[in-house]
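In: What would the 3D arrangement of this be:
(chains A and B)
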Amino acid sequence: LAKTTQPISMDSYEGQEVNITCSHNNIATNDYITWYQQFPSQGPRFIIQGYKTKVTNEVASLFIPADRKSSTLSLPRVSLSDTAVYYCLVGDILGDKLIFGTGTRLQVFP
Amino acid sequence: DAGVIQSPRHEVTEMGQEVTLRCKPISGHDYLFWYRQTMMRGLELLIYFNNNVPIDDSGMPEDRFSAKMPNASFSTLKIQPSEPRDSAVYFCASRSPGTSSYNEQFFGPGTRLTVL
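Out: This next block holds a predicted model:
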């Protein structure tokens, strides 16, 4: 399973765009990149998943460069309710185990 | 659907006592996962089942921990005897077959266990 590295914490203000980058230098050909969000006292929640280029849903966008050794989760116009821990995970579609790293603690200020 | 249901939500017990955590996965999901989360170690996968069969229990810390899934709608995680270092939040998650998002797991609200 590819190891991921992401910043421990980030601060932002309401209305700003937040970009969280994750490094996964040893990503395998079959691996997908998945991001989860965890609020205090709750279980993690799936946000977005991608394989290459760009993926967008109603919550976020995921940018993956051609070499796939990193990925960037983009949260447009964050609000206070986006304060949470964001986890980047890498794994193939046949793999069942998700390895959660330390995640990035995002704090949004008014 | 009510989502993944876990009980109890909070459990306080004394060292040496048996603790049983319960999980009801989302109906139709064929994978069930048990995780443990602590400040020191983060979120760790303990064991997971596919179609009620344990597939990988390599994350179970020691023999004091055991998990069962007697049917598709119920699973238990038991700790006997419990120790203070078992204090953590225990999450159960389930996954649907054929989902468009391959690694999407649905987590329950967790059980906060405190062993005194």
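
In: For residue B:75, see how far away the closest residue to chain B within chain A is.
Out: Scanning chain A for proximity to chain B using CB to the nearest CB identifies residue A:43 as nearest, at 2.8 Å. Backbone N, C-alpha and C define where each C-beta goes, glycine included. Between residue A:43 and residue B:75 the computed distance is 15 Å (CB to CB, to the nearest Å).

In: Count residues in the vicinity of residue A:3, would you?
Out: Taking other CB atoms under 10 Å in any protein chain shown as the criterion, the count of residues near residue A:3 is 12.

In: Can you pull out the low-pLDDT segments for the chain?
Out: Going with chain A. Where chain A drops to pLDDT under 70, the residues are A:1-2, A:93-96.

In: Let me rephrase: I mean chain B.
Out: Within chain B, the stretches with pLDDT under 70 are B:1, B:98-102.

In: in the sheet, who's paired with whichever residue of it sits closest to chain A?
Out: Going by CB to the nearest CB, chain A is nearest to residue B:107 of chain B, at 2.8 Å. The residues listed as beta-bridge partners of residue B:107 by DSSP bridges are residue B:93.

In: Neighbours of it, how many?
Out: Residues near residue B:107, counting by other CB under 10 Å: 22.

In: How about stretch A:14-24 and chain B, any contact?
Out: No - on the criterion CB under 8 Å from any CB of the partner chain, stretch A:14-24 is out of touch with chain B, staying 13.6 Å away.

In: residue nearest the centroid of chain B?
Out: Among the residues of chain B, the smallest C-alpha distance to the mean C-alpha position (CA atoms, centre = their mean) belongs to residue B:34, namely 2.9 Å.

In: which parts of chain B sit against chain A?
Out: If contacts are counted using CB under 8 Å from any CB, the residues of chain B sitting beside chain A are B:4, B:31, B:33, B:35, B:42-45, B:48, B:50, B:55-56, B:91, B:93, B:95, B:101-110.

In: picking that back up, and the gap between the residue of chain B closest to chain A and residue B:95?
Out: 10 Å.

In: what's the answer for residue A:102, then?
Out: 23 Å.

In: that's a strand at residue B:85, yeah?
Out: No - the assignment for residue B:85 is helix, going by DSSP: H, G, I helix; E, B strand; the rest coil, so no strand is present there.

In: Wait, residue A:54 touches residue A:62, no?
Out: Yes - using CB atoms under 8 Å, residue A:54 is in contact with residue A:62, at 6.9 Å.

In: Comparing these two, which shows the higher neighbour count?
Out: A side-by-side neighbour count of residue A:54 and residue A:62, using other CB under 10 Å, places residue A:62 first with 23 against 11.

In: Please, which helix or strand holds the more buried one?
Out: When secondary structure is defined using DSSP states H and E, the element that contains residue A:62 is strand A:61-64.

In: Residue B:25: what's its closest spatial neighbour, skipping adjacent residues?
Out: Distances taken as CB to CB, 6 or more residues apart in numbering or on different chains place residue B:94 nearest to residue B:25, at 3.4 Å, with adjacent residues excluded.

In: ok, that neighbour - contacts?
Out: Applying CB atoms under 8 Å, 6 or more residues apart in numbering or on different chains, one finds that residue B:94 lies in contact with B:4, B:25, B:26, B:29, B:31, B:32, B:33, B:105, B:106.
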